[in-house]
Each structure stands twice: as structure tokens, then as C-alpha cells.
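Peer 1: Sequence first, then the predicted structure:
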Amino acid sequence: MPKSALDKDLKKVVSLETATYGSARSVAAPGMAVLFLLGAMALASVFVADGPLTYLVVIAAVIAGYMALNVGANDVANNMGPAVGSKALTLAGALAIAAVCEGAGAIIAGGDVVSTISRDLLQPHAAMEAIDFILIMMAAFLAAGLWIHLATVFGAPISTTHAIVGGVVGSGVAAAGAGIVAWPMLGAIVASWIISPALGGGIAALLLALVETLILNREDRLAAARRWVPVLVALMSGIFAMYLMTKGLKRLWKPELAHVLAGGLAFAIVGWLVARPWIRRRSTGMDSRIKTISSLFVPPLIFATALLSFAHGANDVANAVGPLAAIVATATSGSTADGQVVLPLWVLSIGAIGIAVGLALFGPRVIRTVGEKITKMNEIRAYCVALSAAITVLLASSLGLPVSSTHIAVGAIFGVGFLREFKSNRGLVNPGVQPRTLFLKTSRLNATPEEAIANFQKRERRRLVRRQHLFGIAAAWVITVPAAALLSALLYLAMSAMVVS
């Protein structure tokens, strides 16, 4: 039946409304970002005392806000991506949880007296002018923000810490030569390019193999889930309790190792006691399909991603606004001698709000890359990724190894993907295999021997990890430090020329 003229007109109206909504949304996001940056400028104008360098501090506050927006857009996706990719959380739900938890972590537990980049990575000589140091930090900050922004546009998850390090090295060398850089510290950071993803991927793959062995490969999956899921929840509860005590709450409390271990054990017991009856009630009437069993991991996964976001906000807010605090301290004292600075509440607020706004406005692109484009996620794989991130950070911290939370999370996703690919291809293909033999091995999945061969050949051709994302992300990691360094050096030279003129 042909469509009436009215139907055609209505379709045109709907298409016009859709296009208008998309256009308005694309304009609204930059507009809200600009409003936030203006707010950061106003905040700095109110809280910074008048002085000869006040105008530079106000400009630095805007740059810090821009950096915070980019940290939220890129870095936070590592925690939320797997949960979104597994469909345990909707994108809107993930954004809401991340915004609240990131902001809470930054305000409640962030901003301890921190060792600034000026002491850890730069060794400025005593005669360096305060304005030179401020320009070094501003150029580094802006270069890092621009580089992270570019990576976000392409959907590439990178380490914001490495971007800042590259920026500081570039502007520092441009200002005072190679002698200003603490090169052993930079070497440790470069080593983390290999350490972080390898640890994260290995631990995530081991966790997934453990879940498959204990639950998914058993004849009675439901009974196995009732026995082992509470144990896995207990493990998660203990690990995250120790993770928060050592990383997420270090501003509020610095416990001894014995207290950390005791706290982890206590929370593990509580987690088991709570999970055991809940799993038993939840599993009543369930069938033993893997998809059904996976649904038991949804609440622990959501809880884990929320805690990771809280800890990320507490730890990485300094990446967003740490150099601003160093600039404020230098402008106030007129000296570069201080190795430690305090992050004032107004500086923390710029970081916390900026991370939340950047996540909400620009985060979905990287969230989709992390959660959907590398490998297919389900609730169990996402749970293993989240737990692997906490275990890896704890293990690396105890061994004194430098690691990147971004590299750990992405490495964990690749780890579970490559494990799936290995198990999919292992022992299934043989040039001399007979259709009847293959059918008997896979009779639960195939109706006929011919279908078994067809499905097997389809699996053989399939790669469960998308190589283009593997190579693209690895390339982005490698060039982050030198690219940010080059950009920062150019920005410093331009800024110093403007100030002199």
C-alpha cells in the first residue's frame, strides 16, 4: 500500500526534529564546557590574592579546568567501559554513577599534601624565577590537555599521567635544558608501559579462567555458582577494602600494613556473609545457562565500578589540578623551592567538577571503545577486569612498581579477550577432523555434523580481539610522552615570548 502524502510529510518532520536535536546537542556540550571554564576563572579571581602574578594564576585555573574536562572524558572510561559493554549498566547510568563517585572521591579523599611534579620530575635550580616555573607548568598543563583531547576525539584511552609527564619534560627542557629533568623517574614511567598492561591482562585472564573452571565448566553450574560466587564476592570485598585503605582514603587515614590486612579480611568475611543468602535467593528458579549465571555478577560489578571511580577521583584529581596548586603556591610565595604543596578546596572543586562535567559531555566515545570495540564483554568478563584493576594496583604498590591505571584496565580487557580467543581456537580445528567426530564433541551446540563443521569454520576465521584497536591504542601509549613533550616545548617558547614582549 503506497504511503500517503501525510505519512511522507510526518516522516520529514521527524527526520528534521532528529537532526535538530543532534545539532543542538553537539552545540550544547561545548557551550556547557565554556560555562564551566568561565566558572573556574571566576573562582580563581575570588580566591587568589592580588599580586603581580595573579593574572597568570587565573589563566592557569582555566587551563586546569580544561585539563579536568579531558581527564573526565578519557580516563574515567576505563572504569565504566566494561560495565557498559557488558550491558550491566546503561550509558546514562554509568555516567551518573561515575560523576557522583569521581566527585565524591576528589572532594572527600583527594588533595592530601602531595609531592608535586616540580619535585618528582623536575629539579629547578634555586635561581629560577617564579614566572619561569609558572610558565613551565602552564605549558605542560595545556599540552597535556590538548593531547588528551585529541586522543578522546579518536576514541583512544591513554594515560593522563603520562601526558602530564611528557608536558613537564618538554617545557622543562625548553626552559632550562636537559639537566632539570630527573631522568630515572622518567625511566620508571616508561617501564610502566610494559608492566601495567602485562600485569592487568595476566591477572584478568587468570581470574576469568578461575571463574570458568569453578563455575562455567561444571555440569551443575547453578550449584557451583551458589558455592563459589559468594567466595568471589568475598574476595572482591577484601581486595577493594585494602585498595581503598591504601589508595582511595590515604588523605583521611594512613593505616599500617597489619591494619590493611585485618580490614581486608574483615570485609571479605562480611562480603561472604551478605552474598551467600542473597545468591541463594536470587538463584532460586534459575536455569543453568551461562547468560543466566552471568546475571549474578551484575550487583558486584556495579559496586566494583563505583569503588574504582571513587578511588580514581581521590587519586587522579591531582593529575587534573596538581600543577595549578604548584602554580598557586609559587605565585603566593614567589619561590620555586617548595617541594610539596597543599591542594586548596577551590582547586579541588575545579578538578572534581571538571572531571564530572567532562565525563558527562565527552566520555561516551572512549567508554564505547573500551567497553565494546576491543572485545565482546559480558558481566563475568567485566567483573574480572574490575577486580584485576584493584589487585594489580595493590600488587604493584607493594612491589614499588610504577603502573598506570589506564594501561591496567585496557590491558585487562585485552587479557580476557585473548583468553577467549585462545580457548575458542584450541583443539577445535584439525584438517583431518571428521564431521561426525566434531559433532559428537559439540552436540550440545549443533543439530547436525554439517552444522558443526560450518560453525567451527566460522569460529576459526573469527578473531575475538580486534587487532586494529590493539595496535592503535599501543601506538597512542608509546607516542603520548614524546608528543606531549614536543607540544609543551613549543607552547612554553610561545608563552615566554608573549610574557617578555
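Peer 2: Yep, it's here.
Peer 1: On the three-state scheme, Ser397 is what?
Peer 2: helix (DSSP: H, G, I helix; E, B strand; the rest coil).
Peer 1: Look up the pLDDT of the residue lying closest to it once chain neighbours are set aside for me, please.
Peer 2: The spatially closest residue to Ser397, leaving aside those adjacent along the chain, is Thr246, at 6.5 Å (C-beta to C-beta, 6 or more residues apart in numbering). For every residue, glycine as well, the C-beta is placed using N, CA and C. Looking at Thr246, its pLDDT is 79.
Peer 1: Return, as residue ranges, the portions of the protein with sub-threshold pLDDT.
Peer 2: 1-27, 109-120, 123-127, 247-253, 334-342, 400-402, 425-463, 500-501 (pLDDT under 70).
Peer 1: So which residue is dead centre in it?
Peer 2: In the chain, the residue lying closest to the centroid (C-alpha atoms, centre = their mean) is Asn78, at 2.8 Å.
Peer 1: Which of the helices or strands spans that one?
Peer 2: helix 77-85 (DSSP states H and E).
Peer 1: what's that helix in contact with?
Peer 2: Residues from elsewhere that reach helix 77-85 (C-beta atoms under 8 Å, 6 or more residues apart in numbering): 89-91, 94-95, 97-98, 157, 301-302, 305, 308-309, 312, 359, 363, 366-372, 376-377, 381-382, 385-386, 389, 405-406, 409-410, 413.
Peer 1: And the next helix or strand past it?
Peer 2: Next element after helix 77-85 (DSSP H and E): helix 91-104.
Peer 1: Taking helix 77-85 as reference, get the angle to that following helix.
Peer 2: Between helix 91-104 and helix 77-85, the angle comes out at 150 degrees (axes from the mean of the first three to the mean of the last three C-alpha atoms, to 10 degrees).
Peer 1: and helix 91-104, what other elements does it pack with?
Peer 2: Here helix 91-104 touches helix 77-85, helix 298-333, helix 345-362, helix 364-368, going by 3 or more C-beta pairs under 8 Å, 6 or more residues apart in numbering; DSSP states H and E.
Peer 1: Wait, Met41 touches Ala60, no?
Peer 2: No: assessed by C-beta atoms under 8 Å, Met41 is found out of contact with Ala60, at 10.2 Å.
Peer 1: Between these two, which is the more surrounded one?
Peer 2: Using other C-beta atoms under 10 Å as the criterion, Met41 and Ala60 rank with Ala60 on top: 28 against 16.
Peer 1: how about that one, what does it touch?
Peer 2: Ala44, Ile134, Met137, Met138, Phe141, Pro323, Leu324, Ile327, Val328.
Peer 1: quick one, phi/psi of it?
Peer 2: phi -60, psi -30 (degrees, to the nearest 10).
Peer 1: what number of residues lie near the closest residue to it other than its chain neighbours?
Peer 2: Excluding the flanking residues, the one nearest Ala60 by C-beta to C-beta, 6+ apart is Ile327, at 4.7 Å. For Ile327, the neighbour count with other C-beta under 10 Å is 32.
Peer 1: I figured Ile327 hits Leu56, correct?
Peer 2: Yes: counting by C-beta under 8 Å, Leu56 is a contact partner of Ile327 at 7.2 Å.
Peer 1: Count the neighbours of the nearest residue to Gly354 once chain neighbours are set aside for me.
Peer 2: In this structure, Gly354 finds its nearest non-sequential neighbour in Ala68, 2.5 Å apart by C-beta to C-beta, 6+ apart. If you count neighbours by other C-beta under 10 Å, Ala68 ends up with 29.
Peer 1: just the angle between the host helix or strand of Ala68 and helix 91-104, please?
Peer 2: Assigned by DSSP H and E, Ala68 belongs to helix 54-74. Our comparison of helix 54-74 with helix 91-104, counting by the same axes, to 10 degrees, yields an angle of 140 degrees.
Peer 1: Sort out which residues of helix 54-74 are buried, please.
Peer 2: 56-74 (16 or more other C-beta atoms under 10 Å).
Peer 1: what does stretch 154-161 give?
Peer 2: Gly155, Ala156, Pro157, Ile158, Ser159, Thr160, Thr161.
Peer 1: Could you work out the end-to-end span of that stretch for me?
Peer 2: This stretch, stretch 154-161, spans 19 Å end to end (C-alpha to C-alpha, to the nearest Å).
Peer 1: who touches that stretch?
Peer 2: 70-71, 74-75, 77-78, 81, 144, 147-148, 151, 189, 316, 319-320, 365-366, 368-370, 373, 404-407, 409-410, 472-473, 476-477, 480.
Peer 1: Over to stretch 188-208?
Peer 2: 161-162, 165, 380-381, 384-385, 387-389, 391-392, 395-396, 401-404, 406-416, 418-420, 477-478, 481.
Peer 1: Return the members of those classed as buried.
Peer 2: Going by neighbour count (16+ other C-beta under 10 Å), these have 161-162, 165, 380-381, 384-385, 387-389, 391-392, 396, 402-404, 406-416, 418-420, 477, 481 buried.
Peer 1: ok, Leu491 - how many residues close by?
Peer 2: Neighbours of Leu491 under the rule other C-beta under 10 Å: 22.
Peer 1: May I ask which helix or strand encompasses it?
Peer 2: helix 467-500.
Peer 1: May I see the buried residues of that helix?
Peer 2: In helix 467-500, counting by 16+ other C-beta under 10 Å, buried: 469-470, 473-474, 476-477, 480-481, 483-489, 491-492, 495-496.
Peer 1: before we move on, the earlier item: was I right about the residue nearest to Gly354 contacting Asn319?
Peer 2: No: with contact defined as C-beta under 8 Å, Ala68 does not count as touching Asn319 (9.0 Å).
Peer 1: How about the contacts made by Leu43?
Peer 2: Leu43 touches Ala61, Trp346, Ser349, Ile350, counting by C-beta under 8 Å, 6+ apart.
Peer 1: Report the set of residues contacting both of Ile327 and Leu56.
Peer 2: Shared contacts of Ile327 and Leu56 (C-beta under 8 Å, 6+ apart): Ile134, Met138.
Peer 1: Buried ones among the contacts of helix 77-85?
Peer 2: Counted by 16+ other C-beta under 10 Å, the contacts of helix 77-85 give 89, 94-95, 97-98, 157, 301-302, 305, 308-309, 312, 359, 363, 366-372, 376-377, 381-382, 385-386, 389, 405-406, 409-410, 413 as buried.
Peer 1: Next one: the residue nearest to Gly354 from Ala356, what distance?
Peer 2: Spatial separation of Ala68 from Ala356 under the definition C-beta to C-beta, to the nearest Å is 9 Å.
Peer 1: so which helix or strand takes in the nearest residue to Val165 once chain neighbours are set aside?
Peer 2: Spatially, and ignoring its direct neighbours in sequence, Val165 is nearest to Ile189 (5.6 Å; C-beta to C-beta, 6+ apart). If you go by DSSP H and E, Ile189 is part of helix 183-211.
Peer 1: which is the next helix or strand following that helix?
Peer 2: Counting by DSSP H and E, the next helix or strand C-terminal to helix 183-211 is helix 221-243.
Peer 1: Please identify the buried residues of that following helix?
Peer 2: Of the residues in helix 221-243, those buried (16+ other C-beta under 10 Å) are 221-222, 224-226, 228-230, 232-243.
Peer 1: And stretch 174-186, by the same measure?
Peer 2: The neighbour-count check on stretch 174-186 (16+ other C-beta under 10 Å) flags Ala174, Ala175, Ala176, Ile180, Val181, Met185, Leu186 as buried.
Peer 1: In terms of secondary structure, what does the helix holding Leu491 contact?
Peer 2: Secondary-structure packing of helix 467-500 (3+ C-beta pairs under 8 Å, 6+ apart): helix 130-153, helix 160-176, helix 183-211, helix 405-425.
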